[in-house]
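Undergrad: Generate coordinates for the sequence data below:
(one chain, ligands or ions: 1)
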Amino acid sequence: RKPAEVVRNVVDAAAEKVAAALAPDAPGAPGSVPPPVEEPTTPQDPLPPKAEQGTPQTRTPTGARTGVPADAHAQQGAHLTTAQGARLRDTDHSLKAGPRGPVLLQDHHLREKITHFDHERIPERVVHARGAGAHGVFTGYGTAEAVTRAGFLRKGRETEVFVRFSTVLGSRGSADTVRDTRGFATKFYTDEGTFDLVGNNMPVFFIQDAIKFPDIIHAAKPHPDREIPQAQSAHDTFWDFVSLHTEAQHHTMWNMSDRGIPRSYRTMEGFGVHTFRLVNAAGETALAKFHWKPKLGVHSLTWEEAQLLGGIDPDFHRRDLYDAIEAGAYPEWELGFQVFPDTPEETFAGIDLLDPTKIVPEELAPVQAVGRLVLTRTPTNFFAETEQVAFHVGHLPPGIDVTNDPLLQGRLFSYVDTQLTRLGGPNFAQIPVNRPHAAVNDMLRDGFHQHAVHAGVAPYRPNSLDGGNPFPAGDDEHAFVDVPVTVAQAPKVRANPASFDDHFSQARLFWQSMSPVEREHIVRAYTFELGKCYHQAIRERQLRCLAAIDPVLCAEVATGLGLPVPEPTGPLPEVTPSPALSQVGREWPADGRMVGIVVDPDGDLDDVDRVRRSLLAAGLVPLLVAPHGGTVGDLPVQRTFATGRSVEFDALLLAGAPAPAPDAVGARDAKAGTPGAVAVDPRVLLLVEECWRHAKAIGAWGAGVDVLRQAGVADTPGVVTATTAADVVDTVGGLLARHRVWDRFPARIA
Ligand code: HDE
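TA: Predicted coordinates:
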């Protein structure tokens with residue numbers, strides 16, 4: 001499908017859904033008779049995959065379409081069978097010697113079923129174990145042709161992709177919203193071979209050399225004795241390591257910032273982190289860093305939201321990704337390059353391009369857009385696709401090559417090695433989601449889980465028996481280019497270049513680039529995490545690191561911890577802030593933002609309907625919150641006072657003052673003598689209080705204004721009241737473009 005065809009507007013999609021839900025014969029619509037939900041007694045066609053899932057992958061290992069039916073790799077036929085295709089009468093009872101007798105060993109169906117089940121789990125990824133993925137399309141702009149010959153970047157060229165987002169530290173079942181770095185790995189199925197851009201949502205890394213990877217991960221994973229804490233860095237071993245191995249301080253600062261708790265995968269930037277080497281059609285080279293820029297802007301949760309979501313909806317990010325795609329609000333990013341001259345020093349503006357703990361500020365080297373990524377399809381099967389997808393930084397197309405970044409060099413080894421254990425052998429490229437969409441003729445043979453039935457007798461070169469095949473490709477036949485960079489004559493050493501010794505200046509640059517509210521968040525994050533450490537010496541050592549970054553940051557965190565502020569470590573580096581690093585102060589499209597509307601079933605529902613339609617027309621997603629499920633009037637209810645919680649909404653509207661629902665616990669009577677006082681369900685008050693505390697736009701009209709008064713938030717910044725609902729909705733839409741009502745946060749740290 002072409003992006004132009006698939007990028008439906010969320011308005012149409014959501015409006016269609018609403019219209020369908022409101023149709024007189026729709027299930028649940030007033031007066032309609034719901035169809036009976038019973039187990040069918042005769043074979044029926046199974047449900048097809050949902051439209052946004054597409055059909056299962058049907059490519060052969062060599063990349064050609066097979067023409068086999070779409071479900072050839074899934075389950076076929078209506079009858080229950082064994083794995084060998086023999087039909088079965090019963091799968092509910094074991095074969096026994098009489099109804100009360102022992103189970104017989106000869107029950108081959110029982111043994112097959114249980115044995116397969118016993119082996120259903122595979123080892124989770126050693127890092128990035130928890131993730132969510134989606135299929136999509138990448139379209140090149142043609143703007144990179146001067147610097148790279150990579151065909152997928154040509155103007156208008158469309159390439160299928162699979163993207164997997166992840167957290168780094170938690171295990172497969174951990175929560176989505178923990179404070180952590182996020183993985184952003186993209187598999188481009190280009191017709192010149194697969195390209196994997198295996199990046200993160202932060203542009204720097206904890207370490208400069210791959211040999212330290214086991215150290216940082218052992219320190220960051222749960223403590224080996226108690227296996228806690230899960231999925232987070234708020235513990236002694238993490239802070240022990242990063243305060244001793246100070247090259248980690250810059251990345252740690254990013255983790256403690258709002259970047260560590262994204263609002264959604266859709267609102268994350270992505271970075272290739274390393275510098276790559278590009279080569280164009282003429283063989284000229286340039287150095288480049290890769291960036292993904294989200295269409296919706298970069299937005300984060302607040303720490304309290306992130307913590308609440310850990311309990312209320314641990315799947316918050318993956319749900320958001322799937323829901324957005326299914327609603328037609330396709331997540332979108334632009335791929336951009338920062339391009340640098342390929343000089344022998346491999347530096348730019350004094351920054352060592354081989355040091356993965358450093359950024360090049362966008363003000364010095366602007367990010368130039370080279371293509372657009374749109375995610376259009378959710379996986380059909382989580383295990384087959386999201387769990388089995390295998391990325392590798394060494395999967396490169398002609399036109400993109402690696403540099404000597406010592407972190408990247410180590411990764412080139414690790415990503416194949418890990419699949420041998422995780423996916424059980426060397427043939428993981430034959431798993432459908434990993435199959436290249438380019439023709440494959442690799443002379444690799446046999447091994448565990450070999451799916452290909454290779455013809456021919458000569459998987460070697462040179463040969464005469466298979467007609468000399470396969471033949472090496474020339475430059476004009478899209479061969480991969482190993483750029484012939486000169487390797488310096490140098491002694492064999494275990495050492496870093498001197499430039500790698502600067503561990504603090506860019507952490508300071510990041511801090512200096514933040515707005516007051518972002519600084520406040522950083523201070524609180526450090527204070528929270530260090531406050532969770534048991535060892536005083538570790539807290540003190542990290543405070544000394546902060547002193548080397550910024551005295552105000554250090555003093556604020558020390559105060560929070562109740563510890564003395566360490567002596568300054570000497571003059572601090574002069575840095576020029578990079579405004580591009582701040583998330584605050586800009587406006588972004590509000591498409592796909594969630595707006596909760598609290599309704600009173602006895603209030604003016606026509607007004608509510610108009611508001612809901614105008615939100616849909618503006619590309620927002622309205623969710624009605626009512627005392628009970630089903631419908632209010634003709635309107636479908638999406639959340640009740642029991643199931644709705646503030647963390648799901650980006651803004652809240654109060655269309656009335658519903659009386660406490662019968663299941664309300666702790667409902668208070670209207671405060672006697674307070675003007676406009678009404679009795680409000682405590683869960684509605686909690687919604688308002690939390691939305692207010694999390695600096696979300698809140699709007700009310702009519703009796704809804706009484707609820708604001710009751711909650712004590714009327715007439716405060718970002719709380720909008722007006723006589724007409726239309727005016728309220730307009731103003732709230734404008735506030736949403738800025739993501740939050742930033743004025744509501746204290747901005748002490750200028
Ligand atoms: Fe990874 N990393 N990594 N990493 N990484 C893995 O590969 C590794 C690094 C990243 O959704 C593993 O298949 C080493 C940087 C992502 O499947 C493993 C080093 C960046 C994902 C591995 C690094 C990343 C991984 C675990 C230091 C950002 C998830 C399972 C040299 C640029 C991909 C697997 C997915 C996964 C090793 C550092 C990103 C073990 C040795 C820097 C997004 O191979």
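
Undergrad: Please identify the helix or strand for residue 318.
TA: Assigned by DSSP states H and E, residue 318 falls within helix 316-326.

Undergrad: That helix near the ligand at all?
TA: No: Helix 316-326 lies apart from the ligand when judged by CB under 6 Å from any ligand atom; the minimum separation is 12.8 Å. Quick note: C-beta positions are derived from backbone N, CA and C, even for glycine.

Undergrad: ok, now stretch 205-222?
TA: Yes: applying CB under 6 Å from any ligand atom, one finds stretch 205-222 touching the ligand at 205, 210, 213.

Undergrad: follow-up on the earlier one: which elements pack onto the helix holding residue 318?
TA: strand 131-140, strand 368-377 (3 or more CB pairs under 8 Å, 6 or more residues apart in numbering; DSSP states H and E).

Undergrad: Of the ones you listed, which is nearest the ligand?
TA: strand 131-140 (5.1 Å; CB to the nearest ligand atom).

Undergrad: Just say helix, strand or coil for the residue of the chain most remote from its centre.
TA: Using CA atoms, centre = their mean, the residue of the chain lying farthest from its centre is residue 98. It sits 53.9 Å away. For residue 98, the assignment made with DSSP: H, G, I helix; E, B strand; the rest coil gives coil.

Undergrad: Buried ones from the residues of stretch 205-222 next to the ligand, can you make that a ChimeraX selection?
TA: Only the buried entries of the residues of stretch 205-222 next to the ligand go into this ChimeraX selection, using 16 or more other CB atoms under 10 Å:
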select :205,210,213
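
Undergrad: Tabulate the residues of stretch 205-222 next to the ligand in TSV, adding columns for secondary structure and pLDDT.
TA: Shown next, in TSV, are the residues of stretch 205-222 next to the ligand (DSSP: H, G, I helix; E, B strand; the rest coil; pLDDT from 0 to 100):
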residue	secondary structure	pLDDT
205	coil	98
210	helix	97
213	helix	98
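
Undergrad: out of the residues of stretch 205-222 next to the ligand, who's nearest residue 484?
TA: For these, the residue nearest residue 484 by CB to CB is residue 210; the value is 24.0 Å.

Undergrad: Please identify the nearest residue in space to that closest one, excluding sequence neighbours.
TA: residue 410 (1.9 Å; CB to CB, 6 or more residues apart in numbering).

Undergrad: Distance check, the one you found against residue 207.
TA: Distance, residue 410 to residue 207, using CB to CB, to the nearest Å: 10 Å.

Undergrad: got a list of contacts for the helix or strand that comes right after the helix holding residue 318?
TA: Downstream of helix 316-326, the next assigned helix or strand under DSSP H and E is strand 332-341. With CB atoms under 8 Å, 6 or more residues apart in numbering as the test, strand 332-341 has contacts from 7, 138, 144, 147, 270, 275, 278, 286-296, 348, 353, 360, 362, 365-375.

Undergrad: Could you spell out the sheet neighbours of strand 332-341, each with its direction?
TA: strand 285-294 (antiparallel), strand 368-377 (antiparallel) (DSSP bridges).

Undergrad: and the first one, which residues are buried?
TA: For strand 285-294, burial by neighbour count (16+ other CB under 10 Å) applies to 285, 286, 287, 288, 289, 290, 291, 292, 293, 294.

Undergrad: do it and the ligand meet at all?
TA: No: Strand 285-294 stays out of contact with the ligand when judged by CB under 6 Å from any ligand atom, the minimum separation being 9.5 Å.

Undergrad: which residue does this structure bring closest to the ligand?
TA: residue 183 (2.7 Å).

Undergrad: Export the residues of stretch 205-222 next to the ligand to TSV and append columns for distance to residue 548.
TA: Listed next are the residues of stretch 205-222 next to the ligand as TSV, based on distance: CB to CB, whole Å:
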residue	distance to residue 548
205	19
210	26
213	24
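
Undergrad: Once you drop chain neighbours, what's closest to residue 591?
TA: residue 619 (4.1 Å).

Undergrad: likewise residue 239?
TA: residue 538 (5.0 Å).

Undergrad: try residue 361
TA: Nearest non-adjacent residue to residue 361 (CB to CB, 6+ apart): residue 578, at 3.7 Å.

Undergrad: so who does that neighbour touch?
TA: 359, 361, 362, 363, 509, 513.

Undergrad: 7 Å instead?
TA: 361, 362, 363, 509, 513 (CB atoms under 7 Å, 6 or more residues apart in numbering).

Undergrad: Just the buried ones from the residues you listed?
TA: Judged by 16+ other CB under 10 Å, buried ones among those: 361, 362, 509, 513.

Undergrad: just checking, the residue nearest to residue 239 is part of a helix?
TA: Yes: counting by three-state DSSP, residue 538 is located in a helix.

Undergrad: How many residues are close by it?
TA: Residue 538 has 21 neighbours, counted by other CB atoms under 10 Å.

Undergrad: mind checking how far it is from residue 530?
TA: 8 Å.

Undergrad: what's near enough to touch the spatially most central residue of the chain?
TA: Central residue check for the chain by CA atoms, centre = their mean: the C-alpha nearest the mean position is that of residue 265, 3.4 Å away. By CB under 7 Å, 6+ apart, the contact set of residue 265 is 165, 317, 321, 331.

Undergrad: For the chain, list the residues in contact with the ligand, please.
TA: So the chain meets the ligand at 125-128, 131, 164, 166, 183, 185, 198-200, 205, 210, 213, 273, 389-391, 407, 410-411, 414-415, 418 (CB under 6 Å from any ligand atom).

Undergrad: Could you give the backbone dihedrals for residue 87?
TA: phi -70, psi 150 (degrees, to the nearest 10).
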